[in-house]
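1. attaching a predicted model along with its sequence, questions to come.
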Amino acid sequence: MNDSQFKFSNAVIGLPGLFVLFLWVIYWLQIRFDFDFYQHGIYPRNLEGLQGVLFSPFIHQNLDHLYNNSIPLLILLAALQYFYPKQTLGVVIYGILFSGLITWIIGRENFHIGASGLIYVLVSFIFFKGLQTKYYRLVALSLSVILLYGGMIWYVFPDVDQSISWEGHLSGFITGFVLTLFYKTPEYTKPLVYDWQQPDFDPENDPFMKHFDEKGNFAPKPKPDPEDEFGIEQNYFTSNFPVNYIINRTDKEEEN
């Protein structure tokens, strides 16, 4: 795989846009019809609370909560779709499921809602996967993610803010890293630029390579006849580099 396989598509904008739009539609329904969606969040170690594994990422407490999750989702989902198009769907689906299950196991006995767990999945996956590939563009992407969202790491620890679900954040971060181990890292190579890098390159028939011997040393051409069939004399330096002097035929006849 090379740079040419990083191609922009409608999905790069469409997927994040539709996902975030769906979150806003859910929130609009919640406030417009006064639906109590909170009870469909994750409630740890309760069978009924398992439904939140599927529903909790789409439920938000207030407008600030939704807004703060929307911007990172737009950026991270677009980056994931552009650089990892084949893994995007799996990362999102499995990220929601497994981060939700871990939250259900380790979480406090309260309703856990919001898409922040998925955000931590995306940050973790993009960061660790880029380092694992050792490919310069994806490593740069990993560093960019850290510059933008590195401060989020503090919210995976307890007692930082009791009003947030640090359990959901930690679950998402762990899930993102584990998913990088299950998805195979493709072989990334830089694009072929020179003719000699092409797989069908034949050095024996290449005009330039004929100037060199098997050891890479310059191989001068054999010295040709002093005169060709047109009566053209050729002089040579001692280094055997040919320098051609064209002498008019009539001038040559006068000399004779």
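-> Thanks, I have the structure now. Just so we're clear, the structure is a prediction, and the values are computed from it rather than from any experiment. Residues are numbered from 1 along each chain as shown.
2. give me the buried positions along stretch 12-20.
-> 12, 15-17, 19-20 (16 or more other C-beta atoms under 10 Å). Yep, even glycine has a C-beta here, placed from its N, CA and C like the rest.
3. can you flag which of those belong to helices?
-> When DSSP state H is applied, the buried residues of stretch 12-20 are split such that 12, 15-17, 19-20 fall in helices.
4. and the closest residue in space to residue 166 that isn't next to it in sequence, which of the three is it?
-> Nearest residue to residue 166 in three dimensions, chain neighbours excluded: residue 158, at 5.4 Å (C-beta to C-beta, 6 or more residues apart in numbering). What DSSP: H, G, I helix; E, B strand; the rest coil gives for residue 158 is coil.
5. hmm, residue 158 is touching residue 169, no?
-> No - if you go by C-beta atoms under 8 Å, residue 158 and residue 169 don't touch, sitting 10.4 Å apart.
6. which one of these two has more residues nearby?
-> Neighbours were counted for residue 158 and for residue 169 using other C-beta atoms under 10 Å; residue 169 has more, 26 against 10.
7. which ones are touching the more buried one?
-> 116-117, 120, 152, 155-156 (C-beta atoms under 8 Å, 6 or more residues apart in numbering).
8. one more time with 7 Å, if that's ok
-> Contacts for residue 169 (C-beta atoms under 7 Å, 6 or more residues apart in numbering) come out as 116-117, 120, 155-156.
9. in the helix or strand harbouring it, what's buried?
-> Taking DSSP states H and E as the definition, residue 169 sits inside helix 166-182. By 16+ other C-beta under 10 Å, the buried positions in helix 166-182 come out as 166-176, 178-180.
10. and what of stretch 104-122?
-> Counting neighbours by 16+ other C-beta under 10 Å, stretch 104-122 gives 104, 107, 111-122 as buried.
11. how long is that stretch end to end?
-> One end of stretch 104-122 sits 19 Å from the other (C-alpha to C-alpha, to the nearest Å).
12. stretch 19-36 - what's its average pLDDT?
-> Throughout stretch 19-36, pLDDT has a mean value of 95.
13. next: stretch 112-132.
-> Stretch 112-132 comes out with an average pLDDT of 96.
14. which stretches of this structure form strands?
-> For the chain, applying DSSP state E gives strands covering 234-236, 242-244.
15. before we move on, back to that, of all the buried residues of stretch 104-122, which comes closest to residue 70?
-> Each of the buried residues of stretch 104-122 was checked against residue 70 using C-beta to C-beta; the closest is residue 115, at 8.3 Å.
16. spit out the contact partners of that closest one.
-> Neighbour list for residue 115: 23, 57, 69, 73 [criterion: C-beta under 7 Å, 6+ apart].
17. and the gap between the first one and residue 137?
-> In this structure, residue 23 lies at 30 Å from residue 137, with C-beta to C-beta, to the nearest Å as the measure.
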